[in-house]
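[1] Here is a sequence together with a model predicted from it:
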Amino acid sequence: MDEYALRFARAARRELEALAMEMVQRLFPAIERLAREPRPRGCRKIQGADNLWRIRIGDYRVLYTIDDQARIVDILAIRHRSDAYR
């Protein structure tokens, strides 16, 4: 099965770069796994949005969209849970 391409929105890249290295090392493997399985166990579709999904990694949320035809996962935001849904 072909993997999906991962694309990071500029804001998501900045949010990732601003985190402590220990947190990045925890988040990045889970983000990379989205290329193989864009809808992993425990992911949730965000209500009120057409194609917005999220995965939980500790206190952080990764918000992303999935384009099944183009096989692209767009990472839109990587935020602490208190800021994730604003």
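    Okay, I see it.

[2] Now do the SS call for Thr65.
    Look at Thr65: counting by DSSP: H, G, I helix; E, B strand; the rest coil, its state is strand.

[3] Quick check: it touching Ala77?
    No. With contact taken as C-beta atoms under 8 Å, Thr65 and Ala77 are classed as non-touching, separated by 10.8 Å. To be clear about C-beta, it is placed using only N, CA and C from the backbone, and glycine gets the same treatment.

[4] Tell me where this structure has strands.
    According to DSSP state E, the chain carries its strands in the segments 5-8, 44-45, 53-57, 60-67, 72-80.

[5] closest to Arg33 out of those?
    Distances from Arg33 to each of the strands of the chain were compared using C-beta to C-beta; the minimum, 8.9 Å, belongs to strand 53-57.

[6] how about the closest residue to Ala35 other than its chain neighbours, what does it touch?
    Nearest-residue entry for Ala35: Glu3, 4.4 Å, with adjacent residues in sequence omitted and distances by C-beta to C-beta, 6 or more residues apart in numbering. Residues near Glu3 by C-beta atoms under 8 Å, 6 or more residues apart in numbering: Ala35, Arg36, Arg71.

[7] One more pass at 10 Å, please.
    Glu32, Leu34, Ala35, Arg36, Glu37, Pro38, Arg71, Val73 (C-beta atoms under 10 Å, 6 or more residues apart in numbering).

[8] right, and the pair among those residues with maximum separation?
    Between all members of those, the farthest pair (by C-beta to C-beta) comes out as Glu32 and Arg71, at 15.2 Å.

[9] if I pick the nearest residue to Tyr64 once chain neighbours are set aside, what's in contact with it?
    Here the nearest residue to Tyr64 in space, its sequence neighbours aside, is Ile75; by C-beta to C-beta, 6+ apart that works out to 4.9 Å. Contacts were defined as C-beta under 10 Å, 6+ apart; by that measure Ile75 touches 6-9, 11-13, 15-16, 31, 34, 62-65.
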